[in-house]
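Student: The following comprises the amino acid sequence and a computationally predicted model.
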Amino acid sequence: MWTGFFSKSGTGIAEERHQNRRACTDVPLLAERNSKHPDRPYGFAKYRQSGLDIYAWHGMYFFPRFPFIDIDCIRWVCAGLKAFKHYIRENGLPDLIHAHCMNYAGILAFKISQKYGIPYVVTEHSSTITRGLIRPHQWQPMEKAAAHAAARLAVSRHFAHVLQHKYGCEWQYLPNILGGIFNRPFEQREKNNKPHFVFCTVSHLRRLKGHDVLLTAFARALAQCPQLRLNIGGSGQEEQRLKQQAADLGITHAVTFLGALQPEAVLDLMRNSDAFVLASRTETFGVVYIEALSQGLPVIATRCGGAESIVSDGNGYLVPVDDDDALADALIKMYEHHSDFEPARLRENCLNEFGENAVIGRLIGIFRQAIAEYGKKIPVKYSGLTKIRTRRRSRRQYK
């Protein structure tokens, strides 16, 4: 049994955990779910989702938020500890905990480590740090959890540098893993006879993703290259405003809003496009970039933090954040020089760096090193836990 797993939220994190499961003996998920409705479930629950065991603790919001006390963190950690007790009753202690996001999962991993003597590794995905959304009183438990982690991983090189400066300790770069369906083999479709050159973009429609800048830039590029088209996948609070912006710019004939898309639909969209573009204002990584590259699409991205670890001269173009002129020039350049990018090579390079085998192999090496080093300095007070560690796992059948 190699690892426990903790996550506050995020479908991208859940997808990565699903990939990690293929390489680890046991990868359970602990989750805490709160509700304001008294008729909702309360207490421990265990269920299976996508073939994965989930140990959850359902709680209630009894108290309002306080400006100087993080009640949410206290409640989340307490719930996680309760769920973890149920886990070890059935499985014994894991050899290692892998926490995704320091706040609150890293703090929970630290508490469990202190109580049970288990090493933990933290992978940080959250942009709350780069966006300045962490409140002053939240830093102390986060810094303590970071200091005691066996390894600290960041999903981009730029993000690792930011975290190292914030925490004052070393962070390693380890990218996110390319999702399962994007690893499927495919034959590149012939696109030379298409009447239009199609850009696609996929994300939540919110200000951070920079769709307002993209529409302005696309309008300028379209004026010079009428063959251009833009398909926008995703939904969100900015949707109606963006549709109105497209109408005001007079480009509705060339821009299509597709709404929220399931992964299969995203895959189909990319396979029927010529290039990918996203004008994000901030990203810690940007999974959608590697998804596009895996389908042989060159990428236009902004220097927003995460993209710099993915996009280079060999697979696309980088432009400054909020620079619609530079973005318009990049759209035109991509249209005129698209033949410079070989789809098969884009896909091969993407899989070599971000595919399951590449990333999981490195992650397992980090896990092994963390377990080995922790074993050399495990305190005496934890020696009595041997019986729990060697306890036979309870095997239940799930329908």
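Tutor: That came through, no problem.
Student: where in the protein is pLDDT low?
Tutor: The chain contains residues with pLDDT under 70 at 1-42, 59-68, 188-193, 376-399.
Student: which residues in it form helices?
Tutor: 11-21, 71-91, 107-116, 139-148, 157-167, 211-224, 239-249, 263-271, 287-294, 324-336, 343-354, 356-376, 386-390 (DSSP state H).
Student: wait, which of those is closest to Ala99?
Tutor: Taking Cβ to Cβ, helix 107-116 is the member of those nearest to Ala99, at 3.9 Å. Using the backbone N, CA and C atoms, a C-beta is placed for each residue, glycine as well.
Student: Distance of the nearest residue to Thr256 once chain neighbours are set aside relative to Leu249?
Tutor: Residue nearest to Thr256 in three dimensions, not counting chain neighbours: Asn231, with 5.0 Å by Cβ to Cβ, 6 or more residues apart in numbering. As judged by Cβ to Cβ, to the nearest Å, Asn231 and Leu249 stand 16 Å apart.
Student: and the residue nearest to Ile300 when sequence neighbours are not counted, what does it touch?
Tutor: Using Cβ to Cβ, 6+ apart and skipping the chain neighbours, the partner closest in space to Ile300 is Val277 (4.2 Å). By Cβ atoms under 8 Å, 6 or more residues apart in numbering, the residues touching Val277 are Phe199, Cys200, Thr201, Leu214, Leu230, Val299, Ile300, Ala301, Leu327, Ala330, Leu331, Met334.
Student: any idea how far Val277 is from Met334?
Tutor: Counting by Cβ to Cβ, the gap from Val277 to Met334 is 8 Å.
Student: shared neighbours, those two?
Tutor: The contact sets of Val277 and Met334 overlap at Phe199, Ile300 (Cβ under 8 Å, 6+ apart).
Student: Would you mind checking the contacts of Val277 for buried ones?
Tutor: Burial by neighbour count, judged by 16 or more other Cβ atoms under 10 Å, picks out Phe199, Cys200, Thr201, Leu214, Leu230, Val299, Ile300, Ala301, Leu327, Ala330, Leu331, Met334 from those.
Student: What about the spatially closest residue to the fourth one that is not a sequence neighbour, how many residues nearby?
Tutor: It refers to Leu214. Nearest non-adjacent residue to Leu214, counting by Cβ to Cβ, 6+ apart: Ala279, 4.4 Å away. Using other Cβ atoms under 10 Å, Ala279 has 27 neighbouring residues.
Student: since we're on the residue lying closest to Leu178 once chain neighbours are set aside, how many residues are nearby?
Tutor: Of all residues not flanking Leu178 in the chain, Phe354 sits nearest, at 4.7 Å (Cβ to Cβ, 6+ apart). For Phe354, the count of nearby residues is 25 (other Cβ under 10 Å).
Student: From Arg206, how far off is Phe354?
Tutor: 25 Å.
Student: Ala151 now?
Tutor: 32 Å.
Student: Could you do Leu318 as well?
Tutor: 22 Å.
Student: what do you get for Pro298?
Tutor: Look at Pro298 and Arg206: by Cβ to Cβ, they are 25 Å apart.
Student: Could you do Ala223 as well?
Tutor: Applying Cβ to Cβ, the value for Ala223 to Arg206 is 27 Å.
Student: do the same with Glu308
Tutor: In this view, Glu308 and Arg206 are 22 Å apart by Cβ to Cβ.
Student: which of these two has more neighbours?
Tutor: Using other Cβ under 10 Å as the criterion, Glu308 and Arg206 rank with Glu308 on top: 18 against 15.
Student: who's in contact with the more buried one?
Tutor: Going by Cβ under 8 Å, 6+ apart, Glu308 touches Ser156, Arg157, His158, Leu318.
Student: Take the helices of the chain and lay them out in JSON lines including distance to Asn183.
Tutor: Converted to JSON lines, the helices of the chain look like this (distance: least, Cβ to Cβ, whole Å):
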{"stretch": "helix 11-21", "distance to Asn183": "9"}
{"stretch": "helix 71-91", "distance to Asn183": "30"}
{"stretch": "helix 107-116", "distance to Asn183": "29"}
{"stretch": "helix 139-148", "distance to Asn183": "32"}
{"stretch": "helix 157-167", "distance to Asn183": "23"}
{"stretch": "helix 211-224", "distance to Asn183": "28"}
{"stretch": "helix 239-249", "distance to Asn183": "30"}
{"stretch": "helix 263-271", "distance to Asn183": "11"}
{"stretch": "helix 287-294", "distance to Asn183": "7"}
{"stretch": "helix 324-336", "distance to Asn183": "25"}
{"stretch": "helix 343-354", "distance to Asn183": "7"}
{"stretch": "helix 356-376", "distance to Asn183": "7"}
{"stretch": "helix 386-390", "distance to Asn183": "35"}
